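Participant: This is a predicted model, with the sequence first.
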Amino acid sequence: MQVRYHADDRPYVAEYEPGDLVRLRIDEAGENAMGKAGHWGAVIAVHGHPAARLDMQLAGFSERRNATLQRLVGIPRSIVIPCDRNGAPVPLPPRQGLRKSHQGAERQHRPVQRAGMPAWAASIALGSAALLLAAAAALAARSFGLS
């Protein structure tokens, strides 16, 4: 998911991506609506730009794997919120950076902050990459007779 910020620094989800976990805030509207507030699951497809409608996999999340209601199709992004693996709503990350008094110059440029990977997972990935790089350097040094 891509998180952006309003002029008053309130975060909002600019775009959902497949794999994001979301929860219905309100009942789905329409003639064939089946989604109820509280249903949650993984985004499996995104339609329109920027992510105007979502398809959600409910089976294995808020519904049993063999439930009759397996997925919801064409859900408006305006009725979903991000959630965790237990279906509980998660707060969006606050803006990082300059203090209030220095933000005037930054208001014209709004960088996108990705909220997909938790900090602990990023540190494991970075540590693994560093270890792999060190092993490759040692192998290269041994191959060229440098050690």
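Facilitator: Received the coordinates, thanks. Because the structure is predicted, anything quoted here is derived from the model rather than measured.
Participant: residue boundaries of the helices in the chain?
Facilitator: 119-143 (DSSP state H).
Participant: For it, which strand extends over the most residues?
Facilitator: Ordering each strand of the chain by length in residues (DSSP state E) puts strand 40-47 first.
Participant: Counting by contacts, list what it packs against.
Facilitator: Counting contacts by 3 or more C-beta pairs under 8 Å, 6 or more residues apart in numbering; DSSP states H and E, strand 40-47 is packed against strand 21-24, strand 53-57, strand 71-76. C-beta coordinates here come from the backbone N, C-alpha and C atoms, glycine included.
Participant: Check which helices and strands the second one sits against.
Facilitator: Packed against strand 53-57 by the contact rule (3+ C-beta pairs under 8 Å, 6+ apart) you find strand 40-47, strand 71-76.
Participant: mind redoing it with 10 Å?
Facilitator: Judged by 3 or more C-beta pairs under 10 Å, 6 or more residues apart in numbering; DSSP states H and E, the packing partners of strand 53-57 are strand 21-24, strand 40-47, strand 71-76.
Participant: right, and those strands - which one's nearest Asn32?
Facilitator: The closest of those to Asn32 is strand 71-76. By C-beta to C-beta, the value is 9.8 Å.
Participant: distance of the residue nearest the centre of the chain from Ser123?
Facilitator: Centroid-nearest residue in the chain, with C-alpha atoms, centre = their mean: Met1, separated by 3.3 Å. If you measure Met1 against Ser123 using C-beta to C-beta, to the nearest Å, the figure is 20 Å.
Participant: what does Arg77 give?
Facilitator: Distance from Arg77 to Ser123, by C-beta to C-beta: 31 Å.
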